[in-house]
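structure for the following, please:
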Amino acid sequence: MSAMNNTFLKVHGTWLLALITAFFIGTRWSKDSSENSSADTPGRSESSSRLYRDGGGSSSNPSNPNSRRNSRSGSSKEEEALIAQIFGGALFSEDGIEVLAKEALTDPNPVKRRLAFSKLLEGMTAENASAIRAQLTELGDKYHHSPREWADFNYAWGAIAGRAAFTDAMTTDTTGSNVKKEALRQDLYRIINGWAANDPKGAIAMLTELPEDLLKQKAFLESGIVTGLADRNRDEAAEYVSSLAIEGRKDADRLMSIVAGEALRSDGLVGASIWTESLPEGPLKGAAMNTVASRYVRTDPEAAAAWIEKFADRDYAARAVREVGGEWAEKNPMAAVTWLDKLPEGDGQKYGLNSAFDDWEDRDPVAAGNYLLTMSDSPKRDFAIKGFADGYARQDPETAIAWASDISDPTLRNQSLTRAGQSYFRRNPKAAAEWLADSGLPSEVQKAIQSPKRKY
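Below you'll find the model as predicted:
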């Protein structure tokens, strides 16, 4: 038995080591190739030649970008030797594009497929990128390839070749095929994504030169530019989004959320929350905070609440406060409501209580109702009751109507009674009609209640 266990550990330990090593070899191309391109491409700065971020863009010796690569060259050879021993040395020979492309798509060993694809990307240049793409496309018609790998290729192609890659991809024949049209749309997104990471001005200029059949994709492609800018320099991306907002772009908050997502990916929850605080006051800052808050509260609701509480009196932070309160209420409604109830008055508090009581009603309607009875008449209580009544309308519209009638604000009260009344009509039309006739509600509210499909 002991001998069998030793054999198992040796075999599987070797495979585990190989897989770990393969991961680092497969991802190393993005850093090494960017360092090489900085030296080989005239007029391109070190920072602008990076295809991917490398931990903030700094190294132990900024004056010598090759120092890190040289320091690990010995270990790299050992790693490659180990992988070659396990998976075969042919992978590391100077194979042609066709052989590597086929291996990347067809080899039964998933690690070899990944390494072959990484080697293709590592050796890609502006001159041979089109040939590699053509080979992958031809083989892709016969063999399956991962959408993620194809996206990575297009990102790298855009970063390396920029305009040439984008215009080349636009020539793809998509006649009569919605699938091909969508594939081209995704290809162009990733190409301009990589292009913006390396040459933002060129990628942005491309948006003014789109052919007529791509004009409908302009906003979609602009999202790719923002993502690429965020890969390159988050503050630069935020400034670009701010300039779009000044020009009147209605989706600027969505674009800022993309930048905030990059902050989360690279800096984590605490780092991203600190970064949002550095943004100028206003709606875009609120959009970034909301994106971070929605992730933060799922991981650590107490810490997320302590962070966003500092901005609870700002209008732009209202969505983030509501997000934290509502999400927290799904796990601990009493804690969430208690926190919200103590916040400064404002939209964040009111809408947060609305969302929290909607969740609390699902978990413990008795406890939620008892808490409402302790609250004095106020705008925040009105929003809390509305959240409770709106949630209760799904299961007990008569009780919901009783609670909604206790709302002081006439607009909120009518909105809540409309929702509860519509539910009442679906469940018991005769009883609902009798209630409505004696309700004294305005005629327009009564019409809305009797027309459930209409949004009030």
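
when you work out contacts or count neighbours from here on, use the C-alpha atoms and nothing else.
Fine.

distance of Arg314 relative to Tyr424?
Relative to Tyr424, Arg314 is positioned 38 Å away (C-alpha to C-alpha, to the nearest Å).

okay, which residue is most central for this protein?
Computing the C-alpha centroid of the chain and ranking residues by C-alpha atoms, centre = their mean puts Gly261 first, at 5.4 Å.

can you give me the buried ones in whichever strand or helix holds that one?
Using DSSP states H and E, Gly261 sits in helix 252-277. Neighbour counts over helix 252-277 (16 or more other C-alpha atoms under 10 Å) mark 252-264, 266-267, 269, 272-273, 275-276 as buried.

equivalent analysis for stretch 404-415, please.
Applying 16+ other C-alpha under 10 Å to stretch 404-415 flags 404-405, 407, 412-415 as buried.

Ala293: how many residues sit nearby?
28 (other C-alpha atoms under 10 Å).

name the nearest residue to it, ignoring sequence neighbours.
Ala320 (5.8 Å; C-alpha to C-alpha, 6 or more residues apart in numbering).

where does that neighbour land in three-state SS?
helix (DSSP: H, G, I helix; E, B strand; the rest coil).

tell me which residues touch it, please.
Shown in contact with Ala320 (C-alpha atoms under 8 Å, 6 or more residues apart in numbering): 286, 289-291, 293-294, 308, 348.

closest to Ala196 among those?
Thr291 (22.6 Å; C-alpha to C-alpha).

residues in contact with that closest one?
257, 260-261, 320.

farthest pair in those residues?
Most distant of those, by C-alpha to C-alpha, are Gly261 and Ala320, 14.6 Å apart.

quick check: Ala393 touching Ala400?
Yes - look at Ala393 against Ala400 with C-alpha atoms under 8 Å: they come within range, at 5.2 Å.

these two: which is more packed in?
Ala400 (26 against 22).

for that one, helix, strand, or coil?
Taking three-state DSSP, the label given to Ala400 is helix.

for the protein, what are the low-confidence residue spans?
The chain contains residues with pLDDT under 70 at 1-95, 140-146, 452-456.

how about the contacts made by Trp351?
Careful, residue 351 is Tyr and not Trp. 318, 322, 383.

for burial, what's the neighbour tally of the last one?
Which is Phe383. If we define neighbours as other C-alpha under 10 Å, then Phe383 has 26 of them.

other SSEs contacting the helix or strand that contains it?
Element membership for Phe383 (DSSP H and E) is helix 379-392. Judged by 3 or more C-alpha pairs under 8 Å, 6 or more residues apart in numbering; DSSP states H and E, the packing partners of helix 379-392 are helix 347-363, helix 365-374, helix 397-404, helix 410-427.

among the contacts of Ala320, which ones are in strands?
Judged by DSSP state E, strands contain none of these.

closest one of the residues you listed to Asn178?
Closest to Asn178, out of all of the contacts of Ala320 and judged by C-alpha to C-alpha, is Thr291, at 32.4 Å.

any idea how far the strand or helix carrying Ala448 is from the chain center?
Element membership for Ala448, per DSSP H and E: helix 443-449. With C-alpha atoms, centre = their mean, to the nearest Å as the basis, helix 443-449 stands 40 Å off its chain's centre.

packing partners of it?
With contacts taken as 3+ C-alpha pairs under 8 Å, 6+ apart, helix 443-449 sits against helix 410-427.

hmm, Thr171 and Leu188 touching each other?
No - at 11.1 Å, Leu188 does not count as touching Thr171 under the criterion of C-alpha under 8 Å.
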